[in-house]
Structures are given as C-alpha cells and as structure tokens.
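Asker: requesting a structural model of the entry that follows:
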Amino acid sequence: MTIFLSRLETVREHAAAVVAEGVRDGGLASAGDTEIAELLTVIGGIGRWVDAALIEIVGEAQARSEGPRDDRLTTRLGCHDVAELVQRAALVGPQTATRLARAAAAVRPRSSLLTGETLDPLLPALRGAMLDGVVGLDGALAIAEPLRAMGSRAERDAVLAADAVLAAEARGEGPDGAPPACPDLLRVQAQVWSVALDQDGAEPRERATMHRRSLRLGAPTPFGVPVRGMLMPEVAAQLQRIFDSLLSPRGRVAFDGGVRCGADGDAPVPDDDAAWSDDSVPPLDERTRPQRQHDALATALTVAASSGALPAVGGAAPTLVVTVRAEDLARGRGYAHLDGGEEPVSLAAARHAGCGGVIQRVTLSRAGRVVAIGTEERVFNRHQRRALAARDGGCLIPGCGVPAAWCEIHHVEEHARGGRTHTDNGVLLCWFHHRFLDRHGWLIRMVDGVPQVRAPGWNDASGRWRRVTRSAVRRKDAVLRN
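Answerer: The predicted structure is shown next:
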C-alpha cells in the first residue's frame, strides 16, 4: 500500500503542474469551443476515478470503525466518527462525506454478521462500473439509492438484474445503443426499476415519506432565512401548481392606445397611438426562476393568512407584525423589526406591510410607558377590493399576469403620508411588484381615479404615461374604441 500512496503523491504533483500551466496561467482563454468540451470530458473522467478511490477508502474506514469504541480507527485517529475523519482529511463538507459513505455501503463487499465471511456487494455491476471509471459519486448514488430503498421487498435476483442493466446504460452499452447515461438519467431509470420491482407497492414508501417529512427555518442571516426540509410528493406537487399558476405568463394588458398581448398568442390591436411593441421591449421580468418561486410562495402565504380559513392566533387571524418608529419611517432611515424580534428588516418591508395590511399607532413616553393606543386602521375593505378587481383585473404592471384574487392593494400616495384608503388611490399589485416597487423602475399615478403606468427607461424610452388594465370588460372597450 505504500507504493499506492507514493504513486498517488506523484499523480498529485503532476496534476498540480498541469493545472498551473493550463488554468492558472490563462491557458483556457485560447482554447476553442470543441477543446473546452473535450477538457470537460477528460476532467470529468479523472473526477470519476477520484470518486472511486474516495468511495473505497471511506468504505474501508467505515469497516475499521465498527465494533468496540476503543478498537475503532476513528478513535485511534481522534475523531468522533468517519464523517469527521473524512471532512478533516479530504477537506470536504459534511454532505459530501455522508454521500461517500452511502455510496460505499452499496458497492463495497460486505462481511457476514454470522460467519464473518466476505459477501458480494449489494450492487456488483455498479461496483465494476465505478472501478472502471465509468460512474462517479453522483452516478453511483443515482443508481444505488432507488434500488436500496426497496430493502427486502424485491427479490435479490431482480435487483441484480436491474443493477446489470443500469450499469450497462452507464457504460453506453444499453440495448438502444444510447451514449453513456448521465446521473440524472440513471436516477430516472433506477426509479422506474424500483417501482416495477417493489412488490409491496407504495405503502412502505408512504410510511417512510411521512416519517421524513419536515420543514425547518434556519437561523436568520444578513441575507435572509434559509429553509431546509423534505416535502411529501403531493405537497410538493401542490406547491408546484401554485408556482405554475402564478409564474406562467398569460392574459393581455390593454393600454390607452391598444392592446399589448401576453403569452396567449393573440395579435395586438393596431391603433394610431402605439403601445409598447413586443418586438422592441426586453423581457419584463428579470428575476431568476428560484426568485420568482420565492415570490409566488410569499403571495400564497399572504393569501392564506388573509383568507379567514386559518385558525386564529391570539384571537385574530395570523398576522405578521412589523414594528417601526414613526420618526424613522418619516425620515426614510433606520430599521423595522418583525414580531418584536431582534432581526432588523428594511423600512421597505414596513412600508409594504403598512400599505397592504393594518396600521395601529402606539405612542410611548420617553421612559417607555405606553401612553396611547390607536385603533386599527383597516386598509381597503372587501367591497373596495372587488371594485379594484373589476377596474384593474389583476396586477397592474404590464406582462405580470397575477390574477386579482392573488394581488395586494397598493396606496399610490402612501398611507403614512396621508394617502386615502379610497379606490381613487389604490391599485392592484402582485407581491413582488408591490414589495419592490421602489426598485424595479415602474411608476404609478392616478388621474381622475384611473391608474396610469410609466415603464422604466430600458423598457420604454419615450417615458410616456399609459392607462393599463387586465380587466376583460375594459379590454373590450379599448378594442371597440379603436
């Protein structure tokens, strides 16, 4: 084994020299497109060999870390467990260490608990593909995890048959002559085999799914609150449906001079006062897909909290409390706080909550005594919301497409600056366009109770104000006028 270690040291030194010459010194800048693809292929192949070695070594460490604690490899090396050893020695994260251990459990030879003899790996064909450099860590887990999830519910011969077919697909030796399959495709194929071979159907999976379901909010960071967990398939599917309903572009937006089409494929109505043309307008929404899904979830939570269908909290509907000093809000400087917590949020969050929710003013003395409690100022009742839905039809920003029922109501003249809670001062906006109205460049004004919108300069260089609506009735009126 000393020879193996010595050779690996030589490989590492050679790799360091090659990388320094090809990467650090800017050698990639002169590479052609085809050469870049070939480099990815070669480096990927080297990475798979490295994965194979890591999986084998981690498996050996696991085997030597079983039994009485004082006899374990990890104890002799001063580590709590194999994961800590792998993280410290290989300088990888805990998730990678765990994934290496799971792969090793599937492809390493096993020892019989009764006789101590060496048994074949759970997936011998996958082991062969791994040792040949065909499958790396991602591919090994893509095949192993669906097959291992069946446990004893599938016959051993059937699992071996699936193992052989999937290993052949990874090598590019499948019956259809397709090239080597990537891990994502291997995972899909392995899941198909798992469903086909699982004799007990979905019930054991259901029990495991229920046990593992979770949703955790992490500790607040300066950039937000991380979310971790595992959704049950039907919950994930329902959430995906909500995303799809809010994120798919649809509908048309009528302006004072015509109709601008959305993704429904209808042609715009010609007129003598041209609206924004589809061929000259850049994409209206530059958010990434994850950002848009975050905003869709925020919309769904807001709708659920205001629906009246959720249980009361403290005698009232679930209400997010945002606290801010009146002086800070008036000056536009400082911070607000959520539900009395220590984590600060921007004044924009306070303005957003105050614009679409309920405002209650509390007056404190300089010593901190509560000296006055104002009544709740309800912002836009249900009758006003219905009227705005009839007028605006949905989010007022052209191209957005969020329906009226999912929108919030924005005070065009801020409530904190004396803006009235009246339909002449309110417009429908989705959560995203309401929350970030001061940043994305769209401007809104009211003229005789009718909203007008001005696009940011990158979207419409003319800087014109235009009437806009998603109301079907008002769209029809706009067409008939032209």
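Asker: burial of the closest residue to residue 122 other than its chain neighbours, as a residue count?
Answerer: Excluding the flanking residues, the one nearest residue 122 by C-beta to C-beta, 6 or more residues apart in numbering is residue 106, at 5.3 Å. C-beta coordinates here come from the backbone N, C-alpha and C atoms, glycine included. Applying other C-beta atoms under 10 Å, we find 22 residues neighbouring residue 106.
Asker: now name the helix or strand holding residue 106.
Answerer: helix 94-107 (DSSP states H and E).
Asker: give the buried residues for stretch 180-193.
Answerer: 180, 181, 183, 186, 187, 189, 190, 193 (16 or more other C-beta atoms under 10 Å).
Asker: for stretch 162-176, same thing?
Answerer: In terms of neighbour count (16+ other C-beta under 10 Å), stretch 162-176 has its buried residues at 162, 163, 165, 166, 167, 169, 170, 171, 174.
Asker: go on, stretch 424-444?
Answerer: Applying a neighbour-count criterion of 16+ other C-beta under 10 Å, one finds 425-435, 437, 442, 444 buried in stretch 424-444.
Asker: could you check how far residue 82 is from residue 193?
Answerer: Distance, residue 82 to residue 193, using C-beta to C-beta, to the nearest Å: 29 Å.
Asker: go on, residue 162?
Answerer: Going from residue 162 to residue 193 by C-beta to C-beta gives 4 Å.
Asker: so what sits against both of these two?
Answerer: Residues touching both residue 162 and residue 193 (C-beta atoms under 8 Å, 6 or more residues apart in numbering) are residue 147.
Asker: quick one: list the elements packing against the helix holding residue 106.
Answerer: Applying 3 or more C-beta pairs under 8 Å, 6 or more residues apart in numbering; DSSP states H and E, one finds that helix 94-107 contacts helix 33-63, helix 82-90, helix 124-131, helix 137-148.
Asker: okay, angle between the second one and helix 94-107 too, please.
Answerer: By that I understand helix 82-90. Between the axes of helix 82-90 and helix 94-107, defined by axes from the mean of the first three to the mean of the last three C-alpha atoms, to 10 degrees, the angle is 110 degrees.
Asker: equivalent analysis for the third one, please.
Answerer: Angle between the axes of helix 124-131 and helix 94-107 is 130 degrees (criterion: the same axes, to 10 degrees).
Asker: list the buried residues for helix 124-131?
Answerer: Under the neighbour-count criterion of 16+ other C-beta under 10 Å, helix 124-131 has 125, 126, 127, 128, 129, 130 buried.
Asker: hmm, who's touching it?
Answerer: With C-beta under 8 Å, 6+ apart as the contact definition, helix 124-131 has outside contacts at 48, 51-52, 55, 106-108, 121, 135-136, 139-140, 143-144, 160, 163-164, 166-168, 170-171.
Asker: so what's the residue count around the closest residue to residue 104 other than its chain neighbours?
Answerer: Using C-beta to C-beta, 6+ apart and skipping residues adjacent in sequence, the residue nearest residue 104 is residue 59, 3.3 Å away. Using other C-beta under 10 Å, residue 59 has 22 neighbouring residues.
Asker: again, but for residue 394
Answerer: 23.
Asker: from residue 457, how far off is the residue nearest to it when sequence neighbours are not counted?
Answerer: Spatial nearest neighbour of residue 394, chain neighbours left out: residue 470 (4.1 Å); criterion: C-beta to C-beta, 6+ apart. The gap separating residue 470 from residue 457 is 24 Å, by C-beta to C-beta.
Asker: looking at those two, which is more packed in?
Answerer: residue 470 (28 against 10).
Asker: how close does the more buried one sit to residue 388?
Answerer: Distance of residue 470 to residue 388, computed by C-beta to C-beta: 12 Å.
Asker: from residue 157, how far out is residue 290?
Answerer: Residue 290 is 43 Å from residue 157, by C-beta to C-beta.
Asker: try residue 176
Answerer: Residue 176 is 24 Å from residue 157, where distance means C-beta to C-beta.
Asker: check which element follows the worst-scoring helix or strand of the chain on mean pLDDT along the chain.
Answerer: Least confident helix or strand of the chain, by mean pLDDT, DSSP states H and E, is strand 258-260 with a mean of 39. Downstream of strand 258-260, the first helix or strand assigned by DSSP H and E is helix 289-306.
Asker: domain assignment for this protein?
Answerer: The record's domain parsing of the chain by automatic domain parsing lists 31-197, 246-284+381-481.
Asker: okay, those domains in JSON lines with distance to residue 326 next?
Answerer: Below are the domains of the chain laid out as JSON lines (distance: least, C-beta to C-beta, whole Å):
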{"stretch": "domain 31-197", "distance to residue 326": "46"}
{"stretch": "domain 246-284+381-481", "distance to residue 326": "8"}
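Asker: and of those domains, who's closest to residue 223?
Answerer: Of all those, it is domain 246-284+381-481 that lies closest to residue 223, at 15.8 Å by C-beta to C-beta.
Asker: and the residue sitting furthest away from the middle of the chain, backbone torsions?
Answerer: For the chain, the C-alpha farthest from the mean C-alpha position belongs to residue 115; by C-alpha atoms, centre = their mean, that distance is 48.5 Å. Main-chain torsions, residue 115, degrees, to the nearest 10: phi -100, psi -20.
Asker: who's in contact with the nearest residue to residue 61 once chain neighbours are set aside?
Answerer: Once flanking residues are discounted, residue 61 sits nearest to residue 82: 5.1 Å by C-beta to C-beta, 6+ apart. Contact partners of residue 82, counting by C-beta under 8 Å, 6+ apart, are 58, 61, 62, 65, 74, 97, 101.
Asker: now those residues in TSV, with distance to residue 407, neighbour count and pLDDT?
Answerer: Output for the contacts of residue 82, formatted as TSV (distance: C-beta to C-beta, whole Å; neighbours: other C-beta atoms under 10 Å; pLDDT from 0 to 100):
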residue	distance to residue 407	neighbour count	pLDDT
58	52	25	95
61	56	23	94
62	55	21	93
65	57	19	92
74	57	18	92
97	46	21	93
101	49	18	94
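Asker: could I get these as a markdown table with distance to residue 409?
Answerer: A markdown table is the format used below for the contacts of residue 82 (distance: C-beta to C-beta, whole Å):
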| residue | distance to residue 409 |
| --- | --- |
| 58 | 57 |
| 61 | 61 |
| 62 | 59 |
| 65 | 61 |
| 74 | 60 |
| 97 | 50 |
| 101 | 53 |
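Asker: which parts of the helix or strand harbouring residue 237 are buried?
Answerer: Counting by DSSP H and E, the element that carries residue 237 is helix 233-247. Judged by neighbour count using 16+ other C-beta under 10 Å, the buried positions of helix 233-247 are 242, 243, 245, 246, 247.
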